[in-house]
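Undergrad: only geometry, no sequence info:
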């Protein structure tokens, strides 16, 4: 029997206008060489954190917000105290980790900061640094430069259930955990270390919720640091200052399919190394410290087959990408007359991931109740294995990400506001289904 498929396509007039140059965001931020700028989309604004004292014309100390036109201060009562170096959204709420303080802060829906009790992170009694985070099994995992957090002994990595901090086994034998990600329902930690728990590894390890294991022999060669990880085309892309992965030569970039590493386009050569990845418009954007070759303008792309360069606009390396209002933004160390300062935006818009809804008329996936007020259920007619469920708002922000195995998945409203959201469901074969939900 043939299955009927209804495709509802919402089209905006400015999808995928390709020009590919970086543009300034007003006067940007004045961080200069003091450090990169971290970005996070939240509640209709782009939040920026870093070592700056000015954003546009606003005297913003270490954190500011951009609405697509102007910069403004985030919570004037805390304006002289926060210099945020990392953000994460957990259960619909935005948390920030300052670089000069030793505690986590919560930003509420009115853009007011609140100190979260019992979240102190230290390294040998000094202030620690949170470098990375990810949500795994409905718990917040953080990695970085610390050996205790929330008065709990935890080295390099820890997890939080919303109230209590806990160690992840005996942790990592180094403070150099630079990136975390979830792939095939396992947590990946990467950086520069040789032990995860009691397991000997090479700079990357995976955690299944109860124990650590090696990842294909790991990353070696060069200075052996992993600085970026991102999922693209059902594989985990890994970038950094290395020249070998799983025993095979691959310069500064590789990919992992769950069982083995492989090269990416012959590698990036020795003209520089990546430190930021982001998928946008069906391409993997790669940013870093490059001084020659294809990426001499500091950012390039990979489409699964070929590398390509981007235009001008940056004069120093980017530190992070973020998507806001269907555009790709980058924060970094760049600053100079004629260039963007601290934060730049790509002159291309692509909303295709968020405004196309596919509804399949068959009982394989159903969502009920819909609309809902407190909780809804996603029901599958067949058992799911390592499927990924993303809840995405109309601006393209990923509000929740769930790695799921089973037939019934319950979604709580949590901190999500009333409105329209999209549910992206990707099975372990890479097939994508998108449904619309409404929260009342």
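TA: All right, it came through fine. Fair warning: this is a prediction, and the values are worked out from it, not measured in the lab.

Undergrad: Count the neighbours of residue 406 for me.
TA: 10 (other Cβ atoms under 10 Å). In this view, the C-beta of every residue, glycine as well, is placed from N, C-alpha and C.

Undergrad: cool, and the one 5 residues further on?
TA: Under the neighbour criterion other Cβ under 10 Å, residue 411 is assigned a count of 20.

Undergrad: Surely it is in contact with residue 374?
TA: No. With contact defined as Cβ atoms under 8 Å, residue 411 does not count as touching residue 374 (10.1 Å).

Undergrad: Okay, strands next: where are they in the stretch 301-440 of the chain?
TA: If DSSP state E, counting those that start in this stretch is used as the criterion, the strands of the stretch 301-440 of the chain fall at 307-309, 318-324, 327-332, 343-349, 356-361, 365-368, 375-393, 398-412, 419-426, 432-439.

Undergrad: wait, what's in contact with the residue nearest to residue 400 when sequence neighbours are not counted?
TA: Residue nearest to residue 400 in three dimensions, not counting chain neighbours: residue 391, with 4.1 Å by Cβ to Cβ, 6 or more residues apart in numbering. When contacts are counted by Cβ atoms under 8 Å, 6 or more residues apart in numbering, residue 391 is found next to 398-401, 411, 416, 421-423, 437.

Undergrad: Any quick ChimeraX command for the buried ones out of those residues?
TA: In ChimeraX syntax, the buried subset of the contacts of residue 391 is picked out as below (16 or more other Cβ atoms under 10 Å):
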select :399,400,401,411,416,421,422,423,437
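
Undergrad: how about CSV for the contacts of residue 391, with distance to residue 342 added?
TA: Compiled in CSV, the contacts of residue 391 are given as follows (distance: Cβ to Cβ, whole Å):
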residue, distance to residue 342
398, 24
399, 26
400, 29
401, 28
411, 37
416, 30
421, 31
422, 31
423, 35
437, 36
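
Undergrad: Now for the contacts of residue 391: which two are most distant?
TA: With Cβ to Cβ as the measure, no two of the contacts of residue 391 lie farther apart than 401 and 437, at 15.2 Å.

Undergrad: picking that back up, determine which of the strands of the stretch 301-440 of the chain approaches residue 45 most closely.
TA: Once the strands of the stretch 301-440 of the chain are compared by Cβ to Cβ, strand 318-324 is nearest, at 8.2 Å.

Undergrad: Between strand 343-349 and the closest one, find me the angle.
TA: Angle between the axes of strand 318-324 and strand 343-349 is 50 degrees (criterion: axes from the mean of the first three to the mean of the last three Cα atoms, to 10 degrees).

Undergrad: packing partners for strand 318-324?
TA: In terms of contacts (3 or more Cβ pairs under 8 Å, 6 or more residues apart in numbering; DSSP states H and E), strand 318-324 is packed against strand 37-42, strand 272-280, strand 283-290, strand 327-332.

Undergrad: residues in contact with that strand?
TA: Residues external to strand 318-324 that are found in contact with it (Cβ under 8 Å, 6+ apart): 35-41, 46, 66, 68, 275-278, 280, 285, 287-288, 298-299, 328-334, 395-397.

Undergrad: buried residues in that strand?
TA: Buried residues in strand 318-324 (16+ other Cβ under 10 Å): 318-324.

Undergrad: Tell me which residues touch residue 22, please.
TA: By Cβ under 8 Å, 6+ apart, the contact list for residue 22 reads 299, 310-314, 330, 340, 344-347.

Undergrad: Of those, which one scores lowest on pLDDT?
TA: Lowest pLDDT of the contacts of residue 22: residue 313, 70.
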